[in-house]
Every structure is written in structure tokens, then in C-alpha cells.
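In: Build me a structure from this.
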Amino acid sequence: MPNTRKPRSGSLQFWPRVRSQRVSARIRTHHENGEVGLEGFVGYKAGMTHILGVETGKTKKGLEVAVPVTIIECPPIKIASIRLYSKNGPKIELTKELLLSKDKQLSRKLKLPKKDLTKELEKINPEEFSEVRVILFTQPNLTSIGKKTPELVEMSVIGNSIQEKIEFVKNNLNKDLLLESVFKEGDYTDLKSITKGKGFQGPVKRFGITIRQRKSEKAIRNPGSLGPWCGQGHIMWRVAHAGKMGHHQRTEYNKQIIALKEPLDVTHKGGMPGYGNPKNKVILIKGSVGGPKKQLIVIQKASRIKKPKPQPTVEKISLEEKQGN
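Out: Numbering: from 1, shown residues only. So this is what the prediction gives:
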């Protein structure tokens, strides 16, 4: 019998299917205005579990529900440098950058200048610039992932004026920036990550095309037609073919924060497989998150949310051993 599997919706949504050149994701669309602070945070994916909670919405109010959640460990981050952008027609371009931190962990990633550049912040004229961003670096040495070299992520500083944003950078130099200063329970986020690499895959798995019937000529897991004009090698890019799959940067929109917890609240029996137990504040995200364990996840404030939905109250977090699951 022929397989009735339907193609995945949006199978041609991403083109070209280029593998990411970076191990960590980057922000391509930045926020600018709002309450002064960072536009997001970063963390390391630890694994998944589920919570038992009581629904607070209108349709299932009072019912006990089980919700799958992803655990992301978020150690404190620090500011490495400030980047100032100015407008050049419809675009913006990087005009000035000051590397401000002299942290020992950062020296594993960058060559730090010998001169202290913090005094240069006082000489900045806010009227010359249109946007302020910072380079943040993580502290993986505070986690159990077995890594010392930090990752660098560029983020915008949100504020109502350039002067206000620069003051935020001055006040937080060489300080630990905490998760609670950016997010709270119930907020919606956009998660950016690098997906798992799956190697060379066929068109059925890669694009979700239908498997042909058993008496088909030649292969049954290939596309049925290469198009109307393929005799001279003219094959359209829309035809599904085998190729490398995975290790792409992807953004998942409107993922809700179920809870912010201390590490002892999510300490599992035997630890999270392939990760261990978190040592820092963790964030519980409703549903799954792309990427393998120990992957850096960029958590940005939501850009498309219209009306927040009520979240279930957390009654219990499953801490059972996850080995073999």
C-alpha cells in the first residue's frame, strides 16, 4: 500500500538550507525602545522534564495538567564591550567599539587591550550615534558542562535615549548581570538556537515528501518528477533532493516562561543525562527548544506577542531519573 504521509508544512520555508558557520546563535532583529536594560539573556540547554500544575485559564480553570518544559541553565553574564552604531541612509553601521572588560575568562576568547578604555565612555557624544549594543560573554566555568572558554553574544541595550543606554553600560561594568533583571515568570520569549546536525539525509526525511508505491520505477524514496524541463539538466531548486540536514540557526517565537527556579528545585536523581545538574538559576520554558544539550540558547524578549495567555501554576516538578528516556 502507498504511504499517505503528507509533506511537512513549510518544507520550502527556508532556502537555501545552509548550515550555520557558528556554534552559537546570533540576534538578527534587535529591540530598541522600552524600559532600560538588556533585550535578552543567554543560557545552556540542560534537558527536558515535565511539571504538574493547575490551569488558570477560562476553559480548563482548576484542572490539573501535565506540561512538558525545557530546563535552561542561566549563569550570570558580563559586559565585554560597547558598540555604537550610527545611521548611514536606511542602514546602520558600526562606528565605534570599546573593549571594556579585563576578565580572566574573557582572555581565553579575545586578546584584551593593555590600556584601560573605561574613561573613553565619558567622552562619548550621544548625539553622534543612533543605537547602542553590547557584547556579552558567558561564564561556562560556573556550570557543569566542562567548558572554560566563554561565548560572545551581541545584544541591544533597550532605553528611551542614547544617554540612558550608555549610563546603563557604565553602571554595570564588571558586574554580574542576572536572569531576574531581564525576565519574570509568565513572560513570552523568542528562542534562537543552532539545531542538531543530522548529516546527509534523503528527501523523505529532509523535506517530508511522500513515499511512492511499491511498484514504482527505480527508487520509491525519491521525488516522482524532476520537472517539465529536466532533459538538459535544468532542474528547479524546488525539487526535493538529498543533502545535508540540520545545524541551522532557527528562531522559535512566543515561548512562555513557566517558572524561574533555583538549581536545587530542579536537581534530578542521577542528574540530567549528558549534562549533570544545574548550579545556577534556571528557566523553565514551555515545550521543546531546538539544539542539543549544552547548546547555547539566546533568549530574547518576544517581538510578535499580542496578548499574553494565563500560565498554569507550578505544583510539582518531575525530578525522576531520566536515564533511558
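
In: my guess is residue 149 meets residue 106, correct?
Out: No: in terms of Cβ atoms under 8 Å, residue 149 does not count as a neighbour of residue 106; the distance is 9.7 Å. Where you see a C-beta, it was placed from the backbone N, CA and C, and this is true even at glycine.

In: Same drill for those two, tell me which one is more crowded.
Out: The residue with more neighbours, out of residue 149 and residue 106, is residue 106; 21 against 12, by other Cβ atoms under 10 Å.

In: May I have the phi/psi pair for the more buried one?
Out: phi -70, psi -30 (degrees, to the nearest 10).

In: Quick one: residues contacting it.
Out: Under the criterion of Cβ atoms under 8 Å, 6 or more residues apart in numbering, the contact partners of residue 106 comprise 78, 80, 112, 137, 150.

In: Next, count neighbours for the third one.
Out: So that's residue 112. The tally of other residues near residue 112 (other Cβ under 10 Å) stands at 15.

In: That one contacts residue 104, doesn't it?
Out: No: here residue 112 does not reach residue 104: they are 9.4 Å apart, not a contact under Cβ under 8 Å.

In: In a markdown table, list the contacts of residue 106 along with distance to residue 39 and pLDDT.
Out: Output for the contacts of residue 106, formatted as a markdown table (distance: Cβ to Cβ, whole Å; pLDDT from 0 to 100):
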| residue | distance to residue 39 | pLDDT |
| --- | --- | --- |
| 78 | 16 | 95 |
| 80 | 16 | 94 |
| 112 | 25 | 85 |
| 137 | 16 | 95 |
| 150 | 19 | 93 |
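
In: who's in contact with the most centrally placed residue in the chain?
Out: In the chain, the centroid-proximal residue (Cα atoms, centre = their mean) is residue 192; its distance is 2.5 Å. Residue 192 makes contact with 25-27, 249-251, 297-298, 300, according to Cβ under 8 Å, 6+ apart.

In: Please convert the buried members of those into ChimeraX selection syntax.
Out: A single ChimeraX command suffices to select whichever of these are buried according to 16 or more other Cβ atoms under 10 Å:
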select :25,27,249,251,297,298,300
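
In: Sitting in strands, which of the contacts of residue 192 do you find?
Out: Among the contacts of residue 192, the residues falling in strands (DSSP state E) are 249-251, 297-298, 300.

In: Out of these, which is nearest to residue 132?
Out: Sorting the ones in strands among the contacts of residue 192 by distance to residue 132 puts residue 300 at the head of the list, at 16.5 Å, by Cβ to Cβ.

In: what bridges to the residue nearest to the centre of the chain?
Out: Taking DSSP bridges, one obtains residue 251, residue 298 as the residues bridged to residue 192.

In: Looking at it now. What's its pLDDT?
Out: Each residue has a pLDDT score; the one for residue 192 is 96.

In: One more: the one 5 residues further on?
Out: With respect to pLDDT, residue 197 scores 94.

In: how much space between it and residue 245?
Out: Between residue 197 and residue 245 the computed distance is 8 Å (Cβ to Cβ, to the nearest Å).
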